[in-house]
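1. okay, predicted coordinates and the sequence, questions at the end:
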There are 2 protein chains.
Amino acid sequence: MDIDKYLTGKKRVIDAALGKIIPKETDFPQSLHRAIRYTLFPGGKRIRPILAMAAYEVVGGKGNGILPYACGLELIHTYSLIHDDLPALDNDNYRRGKPTTHRVFGEAMAILAGDALLTEAFHLMGREGLEGEADPRAVIEVIGEISRAVGLAGMIAGQVVDIESEGKKVELPILEFIHTHKTGSLILVSVRTGGRLGGARDVEMEALTRYGKAIGLAFQITDDILDVKGSRDSMGRPPGVDMARDKITYPALLGVEESKRRCDELIGQAIAALELFGNRGKHLREIANYIGKRNF
Amino acid sequence: MDIDKYLTGKKRVIDAALGKIIPKETDFPQSLHRAIRYTLFPGGKRIRPILAMAAYEVVGGKGNGILPYACGLELIHTYSLIHDDLPALDNDNYRRGKPTTHRVFGEAMAILAGDALLTEAFHLMGREGLEGEADPRAVIEVIGEISRAVGLAGMIAGQVVDIESEGKKVELPILEFIHTHKTGSLILVSVRTGGRLGGARDVEMEALTRYGKAIGLAFQITDDILDVKGSRDSMGRPPGVDMARDKITYPALLGVEESKRRCDELIGQAIAALELFGNRGKHLREIANYIGKRNF
């Protein structure tokens, strides 16, 4: 399939760039760089950086100027996974088919590796902001928006509410708060970062924002459905762990069928938002469909 | 004393600004904001932001343009304390005379509050970069330099080596690596941030860099000496915890007298570096003396 080829090609570019950014395992202190590389490679599908790249292209961004920012988004995503998996938080033993970072390198190193990845994301964007060709004001705007999306008004708020809701009876507005903040905000800001640095006009930024919001929530709903229906192969960890932890999920609240219906509806909204891009919106459209159809 | 008045006045300005930046305890999710405010207030002496402000002033920076960056440095410092105190790392129960964040709010919240503070620092600097009067390129440079100073080539590397050196026989070069990275790099970059945003000429940046390096190391040596000789009052935690944890310190390696001598030497170097500022260097000079004479 065309989209598979597109995703694989982009992942290769991103992985190569990440490999250059992160110090080698032989660099001092080796343990830190080993822990970081263990978590970062082979990694997942790199959906967030790919979204940034695809949004950059759809608004006419040229060359590889988006790549360092795309990599920064993946570093932030990876940090969030490491910390999320910690014993004090979700206490997950497996991620992407292998033992989680703290299981292999210990908790202290996992905390520090996460801290380092988050910090390195901003370092990377700052350095590229000086050396690259992007307008400095756009770079500052992007740094400000990304840090807001993953900070105490964004991803962290989602994390906190997620943890505090475990084992409690939670209504749909709280579940949507968790999902839009914990997962959705980083996906949305990935799309917006690509648009902003690619020189999107206002009307294009609005379209990308509608697209990013819709796929961000759809992504988390499919994650929830996979936790119920998925296999270890498609998840990289045993299915049912969210349910076992008494975490609130879409299927638990609405049932699998209604969750699927909502997901389809969101994907439809995402694709509708791309209308003004015409044929150029092809890749973003296919990514939306891809998210809507993940393995179930 | 003059310097006490100066430090108290600046601390008041910084505390007021931090109070406005951080959401109220009543804002959702309340637990997160309570944990952050608990750690941030009343806080310590705010030496890092004060250094940034004093360096800004010494090179002719006007008004309050440095304040958001100064606050960002304090947020980063506070994050590093929360994570450093965690059970998996230093496992400290007290900090500044009260129970550590994880003891009061639990480990999960302490990890997330630290993550949020680090992220918020970059958000604050990004927002100010857009709204403030600083040259956008200088803002990007500052963000890049701060994130480098506290990232995997800076503070985190110092943390990792510190943890891995516990209980081992460590030589002076490793101890200096730990101290210059774990403590020194944030102090140095605080001074340099003030200089850069205040419009320092190259020769002034060089002087501030020599000053910042010297006081950064002196600061940690005095910390080590306080751990041996200090009282609970002057430390905010029981003395001797570093020794008990078999952490390597200057007094353990060189003895108290030689450690004091090195500290005095560094303070002398710091003051010598200020020569080109003449009388304008008064506050930075007094801060150096203040660091050299902390409670012993």
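-> Yep, it's here. The model shown is predicted, which means the values in this text are computed figures rather than measured ones.
2. quick one: A:Ile271 from B:Gly9, how far?
-> If you measure A:Ile271 against B:Gly9 using CB to CB, to the nearest Å, the figure is 58 Å. C-beta here means a position set from N, CA and C on the backbone, and glycine is covered the same way.
3. quick one, which of the two is more surrounded?
-> Counted by other CB atoms under 10 Å in any protein chain shown, A:Ile271 and B:Gly9 do not tie: A:Ile271 has more neighbours, with 19 against 11.
4. what about the strands in the stretch 1-150 of chain A?
-> Ranges of strands within the stretch 1-150 of chain A are A:94-95, A:98-99, based on DSSP state E, counting those that start in this stretch.
5. pLDDT on the last one, on average?
-> If I follow you right, that is strand A:98-99. When the per-residue pLDDT values of strand A:98-99 are averaged, the result is 97.
6. swap in the first one?
-> Throughout strand A:94-95, pLDDT has a mean value of 95.
7. for the residue most central in space within chain A, what are its contacts?
-> When chain A is reduced to its mean C-alpha position, the closest residue under CA atoms, centre = their mean turns out to be A:Arg48, at 4.6 Å. If a contact means CB atoms under 8 Å, 6 or more residues apart in numbering or on different chains, then A:Arg48 has A:Ala70, A:Leu73, A:Glu74, A:His77, A:Leu186, A:Ile187, A:Ser190 as its contacts.
8. between the residues you listed, which is nearest A:Thr26?
-> When those are compared for distance to A:Thr26, the smallest value, 22.7 Å, is given by A:Glu74; criterion: CB to CB.
9. distance of A:Ile267 from A:Asp162?
-> As defined by CB to CB, A:Ile267 lies at a distance of 24 Å from A:Asp162.
10. A:Tyr211 contacts A:Ala288, doesn't it?
-> Yes: with contacts counted by CB atoms under 8 Å, A:Tyr211 reaches A:Ala288, the gap being 7.3 Å.
11. these two: which is more packed in?
-> In this comparison of A:Tyr211 against A:Ala288, neighbours counted by other CB under 10 Å, the higher total goes to A:Tyr211 at 29 against 25.
12. show the average pLDDT along whichever strand or helix holds the more buried one.
-> Using DSSP states H and E, A:Tyr211 falls within helix A:202-229. On average, the pLDDT along helix A:202-229 is 94.
13. which helices and strands does that helix pack with?
-> Using 3 or more CB pairs under 8 Å, 6 or more residues apart in numbering or on different chains; DSSP states H and E as the contact criterion, the neighbours of helix A:202-229 among helices and strands are helix A:47-58, helix A:172-179, helix A:185-197, helix A:232-235, helix A:241-244, helix A:250-254, helix A:256-273, helix A:282-292.
14. ok, of the ones you listed, where does mean pLDDT dip lowest?
-> helix A:232-235 (a mean of 54).
15. of the strands of the stretch 1-150 of chain A, which stretch is the most buried?
-> Between the strands of the stretch 1-150 of chain A, the one whose residues have the most neighbours on average, counting mean count of other CB atoms under 10 Å in any protein chain shown, is strand A:94-95 (a mean of 18).
16. quick check: chain neighbours aside, which residue is closest to A:Val104?
-> Spatial nearest neighbour of A:Val104, excluding adjacent residues (CB to CB, 6 or more residues apart in numbering or on different chains): A:Tyr38 at 6.3 Å.
17. ok, the one you found - contacts?
-> When contacts are taken as CB under 8 Å, 6+ apart, A:Tyr38 is in contact with A:Thr101, A:Val104, A:Phe105.
18. and the stretch 101-250 of chain A, which residues reach chain B?
-> Taking CB under 8 Å from any CB of the partner chain as the test, the list of the stretch 101-250 of chain A residues beside chain B reads A:106-109, A:111-112, A:114-116, A:118-120, A:122-123, A:125-127, A:129-130, A:136-137, A:139-141, A:143-145, A:147-148, A:150-153, A:156-157, A:159-161, A:163-164.
19. quick one: buried ones out of those residues?
-> Among those, those scoring as buried are A:107-109, A:111-112, A:114-116, A:118-120, A:122-123, A:125-127, A:129, A:136, A:139-141, A:143-145, A:147-148, A:150-153, A:156-157, A:159-161, A:163-164 (criterion: 16 or more other CB atoms under 10 Å in any protein chain shown).
20. among those residues, which are located in helices?
-> The helices in this structure, assigned by DSSP state H, contain A:107-109, A:111-112, A:114-116, A:118-120, A:122-123, A:125-127, A:129, A:136, A:139-141, A:143-145, A:147-148, A:156-157, A:159-161, A:163-164 from those.
21. tell me the phi and psi of the residue located most distally from the centre of chain A?
-> Here chain A has its C-alpha centre computed as a mean, and the residue farthest from that point, by CA atoms, centre = their mean, is A:Phe28 with 29.1 Å. Phi and psi for A:Phe28, reported as degrees, to the nearest 10, are phi -80, psi 140.
22. name the nearest residue to it, ignoring sequence neighbours.
-> Excluding the flanking residues, the one nearest A:Phe28 by CB to CB, 6+ apart is B:Ala157, at 7.7 Å.
23. got the contact list for the nearest residue to A:Ile187 once chain neighbours are set aside?
-> Of all residues beyond its chain neighbours, the one nearest A:Ile187 is A:Gly216 (3.8 Å), with distances taken as CB to CB, 6+ apart. Going by CB under 8 Å, 6+ apart, A:Gly216 touches A:Thr180, A:Thr183, A:Gly184, A:Ser185, A:Leu186, A:Ile187, A:Leu188.
24. surely the third one touches A:Ala214?
-> In other words, A:Gly184. No: applying CB under 8 Å, one finds A:Gly184 not in contact with A:Ala214, separated by 9.4 Å.
25. give me the number of residues near A:Gly194?
-> Burial of A:Gly194 is recorded as 30 neighbouring residues (other CB under 10 Å).
26. for the nearest residue to it once chain neighbours are set aside, give its distance to chain B.
-> Distances taken as CB to CB, 6+ apart put A:Ala55 closest to A:Gly194, at 3.0 Å, once the chain neighbours are dropped. According to CB to the nearest CB, to the nearest Å, A:Ala55 stands 20 Å off from chain B.
27. check contacts around A:Ala55.
-> Contacts for A:Ala55 were tallied using CB under 8 Å, 6+ apart; they are A:Ser190, A:Val191, A:Arg192, A:Thr193, A:Gly194, A:Gly195, A:Gly198, A:Ala200, A:Leu208, A:Leu284.
28. which of the residues you listed sits closest to chain B?
-> Among the contacts of A:Ala55, A:Thr193 lies closest to chain B (CB to the nearest CB), at 12.5 Å.
29. angle of the helix holding A:Tyr211 against helix A:155-165?
-> Angle of helix A:202-229 versus helix A:155-165, following axes from the mean of the first three to the mean of the last three CA atoms, to 10 degrees, is 30 degrees.
30. taking helix A:282-292 as reference, get the angle to helix A:202-229.
-> An angle of 20 degrees separates the directions of helix A:202-229 and helix A:282-292 when computed by the same axes, to 10 degrees.
31. any buried residues in helix A:202-229, and which?
-> Applying a neighbour-count criterion of 16+ other CB under 10 Å, one finds A:204-205, A:207-229 buried in helix A:202-229.
32. surely A:Gly281 is in contact with A:Val59?
-> No: using CB under 8 Å, A:Gly281 makes no contact with A:Val59, being 10.3 Å away.
33. I am finished for the moment; much appreciated.
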